[in-house]
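Engineer: Predicted coordinates and the sequence they were generated for:
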Amino acid sequence: MTATATTDRRLRGFTGAGYDKGRGLLAQVAWFVVLNVLFMKWWCPPRLRPALLRLFGARVGERVLIRHRVRVQWPWKLTVGDDVWVGEDSWLINLEPIIIGHDVCVSQGAVLCTGSHQRRSPTFEFDNAPIRLEPGSWVAARAMVLRGVTVGADAVVGAGVVAHRDVPPGAVHTTGGAV
C-alpha cells in the first residue's frame, strides 16, 4: 500500500476566485426559469431551443437541433456552429466557454464540463477551462469531455468515454483507448 499526501480541506474558506458567471443575478434567474419551465421540456419544439439560447446571448448557427432534457448552464458562454445536433439528456456545464463547430453531434446523455477544482487547494478553488469541439467531431452517448479539452476535427469520443485530454483530429477515443 502506498502512502498518499492528504489535504487539510476547509471548504468553508472557498472563495470561487477567478470565476465570473458573465451576467448579473437577474439574467441568471431569468435563464433558470426559461431553462426549467420551457427549454428542457419534451413539448418545447426542438427548433425553438436555439432561438431561446440566442435570446440569452448564445451564438447559435443555422439548422441546429437541440432535443429535450438538454441543460445549458450559461447560454451567454456558448457558441454553436451550423448543422449541430445535441441529444436528449446532454448537459453543457459551461462555467467557461464551450465552442462547438459545425456538423458536430453531441449524443444522448453526453456531458461537456468546463469546471473543476484544484484538488490540492485547501479551499478547493476552481480550476476551470474552456472546451472546444471542432468541426465534424462526435461526442457519443454518455461520453464526457472535461475542462480544457479540444476534440479535434472529425474525431470521436466514444460512448461512455471520459476525454480528459485533447483528442487529435480524426482520432477515435474508445473505452479501450485511442483507435
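Structural biologist: Happy to help now that I have it. Numbering: from 1, shown residues only.
Engineer: In the protein, mark out all the helices, start to finish.
Structural biologist: 25-34, 49-55 (DSSP state H).
Engineer: Run a quick neighbour tally on residue 124.
Structural biologist: By the measure other C-beta atoms under 10 Å, the count of residues near residue 124 is 17. Bear in mind the C-beta positions are built from the backbone N, C-alpha and C, glycine included.
Engineer: How about it: what's its closest non-neighbour residue?
Structural biologist: residue 117 (4.7 Å; C-beta to C-beta, 6 or more residues apart in numbering).
Engineer: Surely the one you found and residue 126 touch.
Structural biologist: Yes - assessed by C-beta atoms under 8 Å, residue 117 is found in contact with residue 126 at 6.2 Å.
Engineer: So which of those two has more stuff around it?
Structural biologist: Per other C-beta under 10 Å, whichever of residue 117 and residue 126 has more neighbours is residue 126, with 19 against 13.
Engineer: Could you check how far the more buried one is from residue 95?
Structural biologist: As for residue 126, its distance to residue 95 is 7 Å (criterion: C-beta to C-beta, to the nearest Å).
Engineer: same check, this time on residue 162
Structural biologist: 18 Å.
Engineer: mind listing what residue 54 touches?
Structural biologist: Residues near residue 54 by C-beta atoms under 8 Å, 6 or more residues apart in numbering: residue 60.
Engineer: Pull the contacting residues for the nearest residue to residue 174 once chain neighbours are set aside.
Structural biologist: In this structure, residue 174 finds its nearest non-sequential neighbour in residue 158, 3.9 Å apart by C-beta to C-beta, 6+ apart. By C-beta under 8 Å, 6+ apart, the residues touching residue 158 are 140, 143, 172, 173, 174, 175.
Engineer: at 6 Å what do you get?
Structural biologist: Applying C-beta atoms under 6 Å, 6 or more residues apart in numbering to residue 158 gives the contacts 140, 173, 174.
Engineer: Filter those down to just the buried residues.
Structural biologist: By neighbour count, with 16 or more other C-beta atoms under 10 Å, the contacts of residue 158 hold 140, 173, 174 as buried.
Engineer: Surely residue 90 is in contact with residue 110?
Structural biologist: Yes - in terms of C-beta atoms under 6 Å, residue 90 counts as a neighbour of residue 110; the distance is 4.8 Å.
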